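**Q** this is a predicted model, with the sequence first.
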Amino acid sequence: MTVVDIAPGTTTWQVPAGVTVLDKLEIWGNGGNGGSNAAGGGGGGGGGYIQFLNVTVPANEVIDVEIAAGGTTGTDETQWDYINEVSSAPSSKAYGGANASGRTGGAGSGLGGESSGTPDINNPGGTGGTTPVRGTGGGGGGGAGGDEGAGQPGADVSSGTTGGTGGGGGTSDGTNPSTGGDGGNSTQAGGIGLTWGGGGGGGGAVSQAGGTGGAGHIRITYTPAATGKPTHMMNYARQRNK
């Protein structure tokens, strides 16, 4: 199998020659940014996740894609923008997590995403942690949803100067865990949300900067078309060698 990770800034992807079925299509939404506040900022929400299996597509078709940057909730979404009745995953997108608002953590994605098709998996991101008490560390960022479940919420901070721990991602991918960033201690900035789609950690008290949410992502898994000689040519060669 071949795995293709769509890089941020990419706007199209062409289905390879001879390929008419994608084994798996995965879409992660972006994470929200952590907040900044004199009392400690809230964590950003984690992005959602949707997955499709056995996606039918025409060979050589050019498909529009969009990868949302972290913290662009409401203005940008990670999308597989393909409107064609032949496809089993047309016009699909994963929701991003919300940015934190001051001390209040950003909401998770609510749902993983939406599609005019039917996702096989649809898991939301976790909510960012809050900082209800002045002078504390920042709230943890929410983890992104994944193939194994919803993202976990970031930890709230109710006392002390230590930031909250970022929520775990719902993915089985150990290399890209989709974990939310840790909240900053009272004098530190919040941690960045990890790929893909983790929410940024809230900044510590005294208005430390919140961490940036992780960008969205699209991953495509497919089986390449056979490239060997046609069967009739192989049979002809065997006859000549007898």
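**A** Okay, I see it. Residues are numbered from 1 along each chain as shown.

**Q** where do the strands sit along this protein?
**A** 2-6, 12-14, 21-28, 49-56, 62-66, 78-81, 92-94, 113-115, 121-123, 217-222 (DSSP state E).

**Q** give me the pLDDT for Gly71.
**A** Here the pLDDT value assigned to Gly71 is 87.

**Q** against Gly29, how distant is the nearest residue to Ala107 once chain neighbours are set aside?
**A** Leaving aside its sequence neighbours, Ala107 sits nearest to Ala98 (C-beta to C-beta, 6 or more residues apart in numbering; 4.4 Å). Quick note: C-beta positions are derived from backbone N, CA and C, even for glycine. Using C-beta to C-beta, to the nearest Å, Ala98 is found at 11 Å from Gly29.

**Q** so the two - more neighbours on which side?
**A** Gly29 (38 against 29; other C-beta atoms under 10 Å).

**Q** correct me if wrong: the more buried one contacts Ala215.
**A** No - using C-beta atoms under 8 Å, Gly29 makes no contact with Ala215, being 9.7 Å away.

**Q** residues in contact with Gly216?
**A** Taking C-beta atoms under 8 Å, 6 or more residues apart in numbering as the criterion, Gly216 is in contact with 27-30, 47, 67-69, 77-78, 94, 96, 196-197.

**Q** tell me which two of the residues you listed sit farthest apart.
**A** The largest separation in these, counting by C-beta to C-beta, is between Ile27 and Ala69 at 15.0 Å.

**Q** those two: who's more crowded?
**A** Per other C-beta under 10 Å, whichever of Ile27 and Ala69 has more neighbours is Ile27, with 33 against 18.

**Q** so what pLDDT did that one get?
**A** 94.

**Q** most tightly packed of the strands of the chain?
**A** strand 92-94 (a mean of 27; mean count of other C-beta atoms under 10 Å).

**Q** quick check: neighbours of that one in the sheet, parallel or antiparallel?
**A** Strand 92-94 has the following strand partners under DSSP bridges: strand 78-81 (antiparallel), strand 113-115 (antiparallel).
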